[in-house]
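# I'll drop the sequence and a predicted model, then ask my questions.
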Amino acid sequence: MRSDRAKEGLQQAAARALLHACGITREQMRKPFIGIANAYSDIVPGHIGLQRVGRAVEHGIAAGGGVPFNFGIPAICDGIAMGHEGMFYSLPSRELIADTVESMAEAHALDGLVLLTDCDKITPGMLMAAGRLDIPSIIVTAGPMHSGWYKGRRLSLVRDTFEAVGRYQAGEIDDAELAELEIRACPGQGSCQGLYTANTMQCVTEAMGMSLPGAGSALAGTAERIRIAYDSGEAIMRMVNENITARQIINERAIRNGIRIDMSLGGSTNSCLHITAIAHEAGVPMQIEWLDEISQQVPQIASLRPSGDYMMEDFHNAGGVLAALKTLGDRVEDNLTVSGHNLRELTDAAQVYDDDVIHPLDNVYRDSGGISVLRGSLCPDGAVIKQAAVSEKMRRFRGKAVCFDSEEAAMEAILADSIPDGSWCVIRYEGPRGGPGMREMLSPTSALTGMGKEESIALITDGRFSGGTRGPCVGHVSPEAAVGGPIGLIQDGDEIEMDLDARSLELLVDEQELARRREAWRAPEPKIKTGWLARYAKLVTSANTGAVMESYTP
């Protein structure tokens with residue numbers, strides 16, 4: 001056992017004494033030590049229920065013959081951090097999470113890991129740690145939140161609060177209704193109700209084989225979640241006994257299957273960052289082109305919020321991840337999963353219970369997947385767009401640029417309704433390095449949608465978007481402005497053209513003029529010069545590589 005190096009032999013007498021101080025018996029000392037990386041938090045709705053989930057995991061580990069050890073992991077709620085300086089910390093926290101799990105697992109020589117998570121950056125950070133460590137590991141999520149309810153209609157966070165800001169600004173709702181939406185949209189624990197980033201990554205995790213069947217969509221606070229947690233505790237003990245490590249599961253097939261479920265459901269563009277980073281940590285040589293290749297091979301068979309009207313509860317009741325994968329048929333690759341069964345066995349046993357939610361292949365929403373990777377003079381290294389959330393009218397769009405060097409400046413102009421219809425709202429210097437931290441742009445995009453501008457104004461940024469974004473919003477523009485990318489050379493009035501069918505994004509300025517601008521361009525002063533974000537900004541890589549940290553080279 002890995003843990004023997006911390007508890008066996010004469011020289012480890014002091015370590016054994018400290019373990020005994022934790023209540024460990026002599027009999028337990030001979031058993032595998034299993035870490036429970038618990039991202040429980042009182043301030044993150046997706047994580048407030050993880051203590052009970054963790055107890056069920058402990059019972060499963062003990063029943064399987066192991067010794068559970070809980071330790072804490074940081075968690076940020078993107079919705080609470082949105083729209084202010086807090087969002088600088090969101091994406092960078094993914095690296096902190098992976099580093100913290102690595103530190104605890106290595107320092108205490110743990111034999112296996114159960115990773116308790118739920119929300120946007122926490123789940124990918126946990127998967128990155130699993131791939132990096134390559135020890136037996138399993139993901140256990142808390143699950144999606146139930147929908148809210150108001151005046152006979154179901155509510156979700158993004159559509160009924162973030163977008164409500166724009167509706168309020170447009171005079172469609174008053175103070176009283178806004179207050180009711182605030183208190184009713186999120187009725188309790190769980191990740192936000194639609195296929196936003198948190199739930200996208202939960203579905204990706206199950207499709208990759210790193211969580212048990214049903215874990216991608218079973219609702220938070222239910223007995224089903226507790227049973228999945230208990231079974232996960234037993235499963236990690238089987239994995240330890242059989243030495244099934246993370247990289248035996250997180251391989252090229254798993255990464256491609258994760259992309260397939262994302263594309264087929266119309267998931268969050270943030271998955272492009274996270275799946276790339278997970279592949280990097282697991283030693284899988286993924287290219288960004290995989291995203292677009294798979295998008296063109298896999299149809300979109302479901303339409304959940306924000307692009308559709310179904311919620312995660314509908315998707316789960318319709319059969320969930322395995323039913324969707326079964327529908328895709330031979331497009332999905334067989335692979336080992338943490339359940340002990342191959343993915344093909346699991347999908348063979350799955351069933352679609354509602355084909356209004358999970359469409360059959362002869363009645364798909366669109367022939368290609370929900371996300372497109374764009375290329376062109378404005379994004380030589382790529383950009384991404386959630387095409388599933390773009391109307392037919394806006395799939396090809398040409399307009400003049402209105403440029404902003406921060407999210408705050410753009411938001412002020414949007415709420416003042418000072419951006420002309422037919423324009424591109426350009427938000428730059430918000431990339432991984434320039435942000436720093438590549439802030440999500442849910443406030444601007446939701447305000448545009450709430451004001452009815454999703455078919456008259458397009459948005460482009462070297463930052464990123466929430467999974468709740470809808471409309472013609474292009475993100476992850478690479479190279480970013482802070483390193484001299486073309487987005488930093490755009491001037492007000494320049495014309496930009498997007499063609500989703502051609503997967504192109506062009507800055508319609510001649511090369512001679514761009515060369516002149518490039519010669520005059522100077523790198524801006526860093527926005528943050530102290531604390532760990534200053535270090536992050538110096539080491540983080542581009543969005544097209546997953547915004548991972550550069551490896552140290554002396």
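That came through, no problem.
# so where do the strands sit in the stretch 401-550 of the chain?
Assigned by DSSP state E, counting those that start in this stretch, the stretch 401-550 of the chain shows strands spanning 423-427, 458-461, 473-475, 495-499, 504-507.
# again with the chain
Assigned strands in the chain, in chain order: 33-38, 67-72, 112-117, 137-141, 148-150, 153-155, 372-376, 379-385, 396-404, 423-427, 458-461, 473-475, 495-499, 504-507 (criterion: DSSP state E).
# mind checking these for the one nearest to Ala223?
Among the strands of the chain, the nearest to Ala223 by C-beta to C-beta is strand 137-141 (14.9 Å). C-beta here means a position set from N, CA and C on the backbone, and glycine is covered the same way.
# what angle do the closest one and strand 33-38 make?
Counting by axes from the mean of the first three to the mean of the last three C-alpha atoms, to 10 degrees, strand 137-141 lies at 30 degrees to strand 33-38.
# now do strand 137-141 against strand 112-117, angle only.
Going by the same axes, to 10 degrees, strand 137-141 makes 20 degrees with strand 112-117.
# packing partners for strand 137-141?
Other elements packing on strand 137-141 under the criterion 3 or more C-beta pairs under 8 Å, 6 or more residues apart in numbering; DSSP states H and E are strand 112-117, helix 122-133, helix 197-208, helix 223-242.
# quick one: strands adjacent to that strand?
strand 112-117 (parallel) (DSSP bridges).
# before we move on, the earlier item: okay if I get the strands of the chain as JSON lines plus distance to Leu343, mean neighbour count and mean pLDDT?
Output for the strands of the chain, formatted as JSON lines (distance: least, C-beta to C-beta, whole Å; neighbours: other C-beta atoms under 10 Å; pLDDT from 0 to 100):
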{"stretch": "strand 33-38", "distance to Leu343": "24", "mean neighbour count": "26", "mean pLDDT": "98"}
{"stretch": "strand 67-72", "distance to Leu343": "28", "mean neighbour count": "17", "mean pLDDT": "98"}
{"stretch": "strand 112-117", "distance to Leu343": "20", "mean neighbour count": "29", "mean pLDDT": "98"}
{"stretch": "strand 137-141", "distance to Leu343": "15", "mean neighbour count": "31", "mean pLDDT": "98"}
{"stretch": "strand 148-150", "distance to Leu343": "34", "mean neighbour count": "15", "mean pLDDT": "96"}
{"stretch": "strand 153-155", "distance to Leu343": "32", "mean neighbour count": "16", "mean pLDDT": "94"}
{"stretch": "strand 372-376", "distance to Leu343": "25", "mean neighbour count": "22", "mean pLDDT": "94"}
{"stretch": "strand 379-385", "distance to Leu343": "26", "mean neighbour count": "24", "mean pLDDT": "95"}
{"stretch": "strand 396-404", "distance to Leu343": "38", "mean neighbour count": "19", "mean pLDDT": "97"}
{"stretch": "strand 423-427", "distance to Leu343": "39", "mean neighbour count": "25", "mean pLDDT": "97"}
{"stretch": "strand 458-461", "distance to Leu343": "36", "mean neighbour count": "27", "mean pLDDT": "96"}
{"stretch": "strand 473-475", "distance to Leu343": "30", "mean neighbour count": "29", "mean pLDDT": "94"}
{"stretch": "strand 495-499", "distance to Leu343": "36", "mean neighbour count": "20", "mean pLDDT": "98"}
{"stretch": "strand 504-507", "distance to Leu343": "35", "mean neighbour count": "19", "mean pLDDT": "97"}
